[in-house]
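Student: need a 3D model of the following:
(3 chains)
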Amino acid sequence: MAGLVFQHQMDYVKKGAWSPEEDQILIDYIMKYNIWNWSHMPKFAGLSRTGKSCRLRWINYLRPDLKKGPFSIEEVEIVSRMYQSLGNRWSAIAKELPGRTDNEIKNFYHTHLKKHLGTKDEVKPKSRKKAKQLEMSNQKKPLITTCPNIEGPNDQSLDFTNSSSSSYITFDENYEILETSNQDNDVTSIVNQVHDDDNIVILESNPESSTSSSSSSVDLHINDFMDVSVHSSNVVDFWLDLYLAADNLKI
DNA sequence: AACCGTTCCAACCGCAAACGG
DNA sequence: CCCGTTTGCGGTTGGAACGGT
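Tutor: Purely as a prediction, here's the structure:
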């Protein structure tokens, strides 16, 4: 519900959801005059909004270079890895993901990653300079690498089936498992094969080439102390389950 | 169909950092 | 250096959408 806040007798500031008309006014104004001063601009553009609200709307929703749609496996991997090293420094994490905003990443963390990664102690460097230094020193190699837009095992240039050291999993457009390197969709054995110096390669299958879909939910019996449930209801949860399962194996 | 609980995310708020006169 | 203004950041929340009963 949009509200009106009266600042002075004659002018007011609109709050709440933006209308398509307001969006268009903001877009048109910025396209014509660029961003020169957020706090003064709304008045000139004819918007009854605070500069803060305009800035947020532009940065998080209207800018043309924003990437829309769900996070890719690679993006999830980056967010996960950077959160482990940087904590809740969303804007620093966003710099690694072109087209994604800090707000979007923060939301993504709270809705998808929190339950898997838990909360990390807040990292609060004294200055942004220190923060930058910390960020530079925290680069880690990912355990799992991703190869988006690769066709999969039928792609002759990527014949993983003859490789003794690689495993693969392909998904259909719903991220249901299509095929694995051991030919019997046995995710368990793939995860069990993980060694310290291994990467797991997750292939995203080409949606056009998918022919079948099969549901897959497996309980991995890792050892006498650990059972891990891996399911493929969506790419994010599947990836995280697999990631954590593989990571636990390294202990 | 109605209700209720949950999930998700756009947008808010307060505060801190950066800027500029 | 000081101080007022502007910009940027992260936590929080309202409410729409969804799913289950």
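
Student: what's the burial count for residue A:30?
Tutor: 18 (other C-beta atoms under 10 Å). Using the backbone N, CA and C atoms, a C-beta is placed for each residue, glycine as well.

Student: so where does it fall, helix or strand?
Tutor: Using DSSP states H and E, residue A:30 maps to helix A:20-33.

Student: next secondary structure element downstream of that helix?
Tutor: Next along the chain after helix A:20-33, taking DSSP H and E as the criterion, comes helix A:41-45.

Student: average pLDDT across the helix or strand just after that next one?
Tutor: Moving toward the C-terminus from helix A:41-45, the next helix or strand (DSSP H and E) is helix A:51-57. Across helix A:51-57, pLDDT averages out at 95.

Student: please identify the buried residues of the helix holding residue A:30?
Tutor: By 16 or more other C-beta atoms under 10 Å, the buried positions in helix A:20-33 come out as A:22, A:25-27, A:29-30.

Student: go on, stretch A:92-104?
Tutor: Neighbour counts over stretch A:92-104 (16+ other C-beta under 10 Å) mark A:92-94, A:97, A:100-102, A:104 as buried.

Student: mean confidence score for stretch A:103-119?
Tutor: Stretch A:103-119 comes out at a mean pLDDT of 83.

Student: low-confidence stretches in the stretch 51-200 of chain A?
Tutor: A:116-200 (pLDDT under 70).

Student: near DNA strand C, which residues of it?
Tutor: Counting by C-beta under 7 Å from any atom of the strand, the stretch 51-200 of chain A comes close to DNA strand C at A:51-52, A:55, A:88-92, A:102-103, A:106-107, A:110, A:122.

Student: what about DNA strand B: which of those residues touch it?
Tutor: Answer for these near DNA strand B (C-beta under 7 Å from any atom of the strand): A:52, A:103, A:106-107, A:110.

Student: wait, which of those residues is closest to residue A:78?
Tutor: residue A:106 (14.5 Å; C-beta to C-beta).

Student: how does chain A divide up, domain by domain?
Tutor: According to automatic domain parsing, chain A is divided into the following domains: A:4-62, A:73-137, A:144-249.

Student: follow-up on the earlier one: widest-spaced pair of the ones next to DNA strand B among the residues of the stretch 51-200 of chain A next to DNA strand C?
Tutor: Farthest apart among those by C-beta to C-beta are A:52 and A:110. That separation is 21.8 Å.

Student: what sits against whatever residue of chain A ends up closest to DNA strand C?
Tutor: In chain A, no residue comes nearer to DNA strand C than residue A:38, which is 3.0 Å away by C-beta to the nearest atom of the strand. If a contact means C-beta atoms under 8 Å, 6 or more residues apart in numbering, then residue A:38 has A:51-52, A:54-55 as its contacts.

Student: repeat the analysis, applying 6 Å as the threshold.
Tutor: A:51, A:55 (C-beta atoms under 6 Å, 6 or more residues apart in numbering).

Student: just the buried residues of stretch A:92-104 now: which is nearest residue A:14?
Tutor: residue A:101 (22.1 Å).

Student: which residues of the stretch 151-251 of chain A lie near DNA strand B?
Tutor: Counting by C-beta under 7 Å from any atom of the strand, no position of the stretch 151-251 of chain A is adjacent to DNA strand B.

Student: could you find the closest non-adjacent residue to residue A:82?
Tutor: residue A:93 (4.5 Å; C-beta to C-beta, 6 or more residues apart in numbering).

Student: for the one you found, which three-state class applies?
Tutor: With DSSP: H, G, I helix; E, B strand; the rest coil as the basis, residue A:93 sits in helix.

Student: check whether stretch A:66-82 contacts DNA strand B.
Tutor: No - using C-beta under 7 Å from any atom of the strand, stretch A:66-82 stays clear of DNA strand B, with a minimum separation of 7.5 Å.

Student: kind regards, and thank you for your time.
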